[in-house]
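Trainee: return atomic coordinates for the entry below.
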Amino acid sequence: MLEFLDSHGLTPPLRTLGSNGSIKQAVQLGLGLSLQSRVAVEDELAVGKLGRVAVKGGVPKRQWYVLRSAAIEPREPVRRFLDFLRDAA
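Mentor: Numbers count the residues shown, from 1 in each chain. Predicted coordinates:
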């Protein structure tokens, strides 16, 4: 996100908060803006506590990573989900 802002000549003051909940509360209090997944904010959007901002050209695409324990073999449901992800990719 920093690269995206910088590429547009934007250098806003940034703050780091510890959780999605604290970020959403700060935004609801008018302390700034946030980029969060739709899943994280869908309840607040539904009841009007937060508003969505349409960004011209869209926000940058993100790389996603699937993480698992390197020390413990995955349990059966996790293994099946990993198989699904590998097949879908």
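Trainee: okay, and residue 45 sits in which element?
Mentor: Per DSSP states H and E, residue 45 falls inside helix 38-46.
Trainee: pull the residues that contact that helix.
Mentor: 20, 24, 28, 50-52 (Cβ atoms under 8 Å, 6 or more residues apart in numbering). Any C-beta I mention is one placed from the backbone N, CA and C, and that applies to glycine too.
Trainee: switch to 7 Å and redo it
Mentor: For helix 38-46, contacts defined as Cβ atoms under 7 Å, 6 or more residues apart in numbering pick out 20, 24, 50, 52.
Trainee: which members of those are classed as buried?
Mentor: Among the contacts of helix 38-46, the ones that count as buried by 16 or more other Cβ atoms under 10 Å are 24, 50.
Trainee: how close does residue 65 sit to residue 85?
Mentor: As defined by Cβ to Cβ, to the nearest Å, residue 65 lies at a distance of 11 Å from residue 85.
Trainee: more neighbours, these two?
Mentor: Here residue 65 and residue 85 are set side by side on neighbour count (other Cβ atoms under 10 Å), and the busier one is residue 85, at 11 against 5.
Trainee: the helix or strand following the helix holding residue 45: which residues count as buried?
Mentor: Remark: after helix 38-46, the chain's next helix or strand is helix 76-88, criterion DSSP H and E. Applying a neighbour-count criterion of 16+ other Cβ under 10 Å, helix 76-88 contains no buried positions.
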